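Asks: 3D, please:
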Amino acid sequence: MGSAAGLLWGVLFSSLGLGYFMYGKKQKASVPFACGVALMLYPYFVTNTIILVVVGVALAAIPYFVKF
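Replies: Residues are numbered from 1 along each chain as shown. Next up, the predicted model:
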């Protein structure tokens, strides 16, 4: 991570991802489970803070709009 803001956003989205992961695993719901895994992993690969926030918000919103 290049900046403190990027690090904090990464921690925030990873925490949210952990919540989605645990919920998806417990409820056997594939969409929250997959979004949780993605939210926990993608901050390791994205260094631009703006892209980090945009992708994080999109991944966090997917379980609200896609129901399987």
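
Asks: list the contacts of Val55.
Replies: Counting by Cβ atoms under 8 Å, 6 or more residues apart in numbering, Val55 makes contact with Tyr42, Val46. Just so you know, the C-beta spots here come from the backbone N, C-alpha and C atoms, and that holds for glycine as well.

Asks: grab the nearest non-local neighbour of the residue nearest in space to the middle of the chain.
Replies: Closest residue to the average C-alpha location of the chain: Leu39 at 2.2 Å, with Cα atoms, centre = their mean. Nearest residue to Leu39, sequence neighbours excluded (Cβ to Cβ, 6 or more residues apart in numbering): Gly17, at 2.8 Å.

Asks: that neighbour: which element?
Replies: According to DSSP states H and E, Gly17 maps onto helix 4-27.

Asks: mind listing what's buried in that helix?
Replies: Residues of helix 4-27 classed as buried by neighbour count (16 or more other Cβ atoms under 10 Å): Gly6, Trp9, Gly10, Leu12, Phe13, Ser14, Leu16, Gly17, Tyr20, Phe21, Gly24.

Asks: just put those in JSON lines and tack on pLDDT and distance to Val66.
Replies: Listed next are those as JSON lines, based on pLDDT from 0 to 100; distance: Cβ to Cβ, whole Å:
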{"residue": "Gly6", "pLDDT": "91", "distance to Val66": "27"}
{"residue": "Trp9", "pLDDT": "95", "distance to Val66": "23"}
{"residue": "Gly10", "pLDDT": "94", "distance to Val66": "24"}
{"residue": "Leu12", "pLDDT": "96", "distance to Val66": "22"}
{"residue": "Phe13", "pLDDT": "96", "distance to Val66": "18"}
{"residue": "Ser14", "pLDDT": "96", "distance to Val66": "21"}
{"residue": "Leu16", "pLDDT": "97", "distance to Val66": "16"}
{"residue": "Gly17", "pLDDT": "97", "distance to Val66": "16"}
{"residue": "Tyr20", "pLDDT": "97", "distance to Val66": "12"}
{"residue": "Phe21", "pLDDT": "97", "distance to Val66": "16"}
{"residue": "Gly24", "pLDDT": "96", "distance to Val66": "12"}
